[in-house]
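>>> no letters, just coordinates:
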């Protein structure tokens, strides 16, 4: 298991009330309402963000909107490399706080 994947599992375990699951075949972290807040994809983390946090994260070098199919980026989902691993836990918490209130 890579260091990036180890960190993903640690983040999932550290978020109270979150659980691991699958989304598009990738490992993800879900809020109690079943909504995904983060995914692990090719050694990167993808976070569901909004507002200023979304804009600040997208401004990081190499950050981009998640585009798994090429040409159709997923709005609000930011892909961030392991180079920013120190930011992953707080971004996951931010994403959790956002998606936990979304309707099923």
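Nice, I can see it. Here the structure is a predicted model, which is why all the values come from computation and not from measurement.
>>> what lines up beside the lowest-mean-pLDDT helix or strand in the chain in the sheet?
Lowest by mean pLDDT, DSSP states H and E among the helices and strands of the chain is strand 19-23, with a mean of 93. According to DSSP bridges, strand 19-23 has the following sheet partners: strand 26-30 (antiparallel).
>>> what about the strand it pairs with, average pLDDT?
Averaged across strand 26-30, pLDDT comes to 96.
>>> equivalent analysis for stretch 5-16, please.
Mean predicted lDDT for stretch 5-16 stands at 97.
>>> quick check: nearest residue in space to residue 15, chain neighbours excluded?
residue 96 (5.4 Å; Cβ to Cβ, 6 or more residues apart in numbering). (Each C-beta comes from the backbone N, C-alpha and C, glycine too.)
>>> so who does that neighbour touch?
15, 18, 29, 31, 37 (Cβ atoms under 8 Å, 6 or more residues apart in numbering).
>>> same question for residue 2.
Taking Cβ under 8 Å, 6+ apart, we find residue 2 in contact with residue 43.
>>> in terms of pLDDT, where does it sit?
Reported pLDDT for residue 2: 97.
>>> tell me the spacing between it and residue 70.
Separation of residue 2 from residue 70 (Cβ to Cβ, to the nearest Å) stands at 24 Å.
>>> show me where the protein has its helices.
With helices called from DSSP state H, the chain shows them at 3-14, 51-58, 88-99.
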